[in-house]
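S.K.: Take a look and give me a structure for this.
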Amino acid sequence: MPTAAASGTFAIAGELEVHRLGFGAMRLTGPNITGPPADVEKAKAVLRRAVELGVDHVDTADAYGPDVSEELIAEALHPYPDGLVVATKGGLVRTQPGGDWPKDGRPEHLRAACEGSLRRLRLEQIPVYYLHRPDPEVPYEASVGALKELKDEGKIRHVAVSNVSLELLATARTIVDIALVQNQYSLTDRRAQDVLDACEQAGIGFVPWAPLDAGALDPTGPVAAIARDHDATPMQVAMAWLLHTSPVMLPIPGTSSLDHLEENVAAGELSLDADEVAALDALGH
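M.R.: Modelled structure (predicted):
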């Protein structure tokens, strides 16, 4: 049986030790739908199985569903096992299926969003809370400052930021300690390399969203060849490369399938040699 333990561990903010392979809960509701999934019990089964496989870092947001993803996590996993880190986010809202994700970084919205997440997740304190995305209509300092206030009040244990540039990360760090950064990053999309480098230097965990940019993988290229050599899937190779890339890398592949969940977790057991890593590194140049 695959186990997330094979991926190694990372201590978020130096104190919340988790296995490096986590679980992203967005796909339980889907990026383009609102409301509950078609099969609620299956979604809960995926969450429970993830924990059985050693996953102890579950990532969600109030915008997923909206609200539904957080509710599913609580229904499936509460009371939470010791050591489980649930990370959630505020700052985006959902208004219609398939529509835009309007930004709302106003301090009053973030406070209400955080308190709503606390209720839905049945928590007295959220282990990690992200500003989901900068709001160009609100000074970034005001949005991050609101999360600092919530941390000072004990409602948030650790503050995190998502979808940030190097400059915004630096700004956030002048206001409050940042535990995690979540940006888009994958084998075929390394636009956030400078942010990853800064996180590694500072010991900040880096959580890549869309870590399996499958649509961009060439079926005739090195990923497929390496996968064949290891009797693995291209997705597993891409995940193994992420884990190799940096010790602060914390991938959160998401799925609504039990089979795909086990496949994702098993990627932590895949060992790449130096030549294979070099071939995969070259895809980003």
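
S.K.: so how far is the worst-scoring helix or strand of the chain on mean pLDDT off the chain centroid?
M.R.: Least confident helix or strand of the chain, by mean pLDDT, DSSP states H and E, is helix 26-29 with a mean of 90. Relative to its parent chain, helix 26-29 has a centroid offset of 12 Å by Cα atoms, centre = their mean, to the nearest Å.

S.K.: What is the subsequent helix or strand relative to that helix?
M.R.: Scanning forward in sequence from helix 26-29 by DSSP states H and E, the next helix or strand is helix 40-52.

S.K.: who's in contact with that following helix?
M.R.: Residues outside helix 40-52 that contact it (Cβ atoms under 8 Å, 6 or more residues apart in numbering) are 23, 25, 28-29, 37, 58, 72-73, 75-77, 81, 84, 255-258, 261-262, 265. (Each C-beta comes from the backbone N, C-alpha and C, glycine too.)

S.K.: ok, then the element right after it?
M.R.: strand 57-59.

S.K.: related to what we said a few turns ago, now, the contacts of helix 40-52 that are in strands?
M.R.: The strands, defined by DSSP state E, take in 23, 58 from the contacts of helix 40-52.

S.K.: Would you mind writing the PyMOL command to select the buried ones in the contacts of helix 40-52?
M.R.: Buried members of those, defined by 16 or more other Cβ atoms under 10 Å, are picked up in PyMOL with:
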select buried, resi 23+25+28+29+37+58+72+73+76+77+84+255+256+261+265
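
S.K.: pLDDT averaged over stretch 117-131, what's the number?
M.R.: Mean pLDDT, stretch 117-131: 98.

S.K.: likewise stretch 188-208?
M.R.: For stretch 188-208, the per-residue pLDDT averages 97.

S.K.: If you count neighbours, what's buried in that stretch?
M.R.: Buried, per 16+ other Cβ under 10 Å, within stretch 188-208: 188-190, 192, 195-196, 198-200, 204-208.

S.K.: Could you point out which of these is nearest to Q125?
M.R.: Here the nearest of these to Q125, counting by Cβ to Cβ, is G205; it sits at 18.6 Å.

S.K.: correct me, but D56 touches V85?
M.R.: Yes: with contact defined as Cβ atoms under 8 Å, D56 reaches V85; the gap is 6.2 Å.

S.K.: neighbour count winner among the two?
M.R.: Shown here are D56 and V85; by other Cβ atoms under 10 Å, D56 has more neighbours (24 against 20).

S.K.: OK, contacts around that one?
M.R.: Taking Cβ under 8 Å, 6+ apart, one finds 4, 18-19, 22, 81, 83-85 in contact with D56.

S.K.: So which of the buried residues of stretch 188-208 sit within helices?
M.R.: Cross-referencing the buried residues of stretch 188-208 against helices under DSSP state H gives 195-196, 198-200.

S.K.: Rebuild those residues as JSON lines, extending it with distance to L168.
M.R.: As requested, those are exported to JSON lines (distance: Cβ to Cβ, whole Å):
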{"residue": "V195", "distance to L168": "9"}
{"residue": "L196", "distance to L168": "14"}
{"residue": "A198", "distance to L168": "11"}
{"residue": "C199", "distance to L168": "13"}
{"residue": "E200", "distance to L168": "18"}
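
S.K.: D152: which of these is nearest?
M.R.: Distance to D152 across those (Cβ to Cβ) is lowest for C199, with 23.7 Å.

S.K.: What residues does the closest one make contact with?
M.R.: Residues near C199 by Cβ under 8 Å, 6+ apart: 169, 181, 205-206, 246, 248.

S.K.: Out of those, give me the two with the largest separation.
M.R.: Among the contacts of C199, the pair separated by the greatest distance (Cβ to Cβ) is L169 and S246, at 15.3 Å.

S.K.: out of those two, which sits in the busier spot?
M.R.: Neighbours were counted for L169 and for S246 using other Cβ under 10 Å; L169 has more, 19 against 16.

S.K.: ok but the more buried one is inside a strand, no?
M.R.: No: assessed with DSSP: H, G, I helix; E, B strand; the rest coil, L169 is helix; it does not lie in a strand.

S.K.: any idea which helix or strand comes after the host helix or strand of V144?
M.R.: Counting by DSSP H and E, the element that carries V144 is helix 140-152. Sequence-wise, the next helix or strand downstream of helix 140-152 (DSSP H and E) is strand 156-162.
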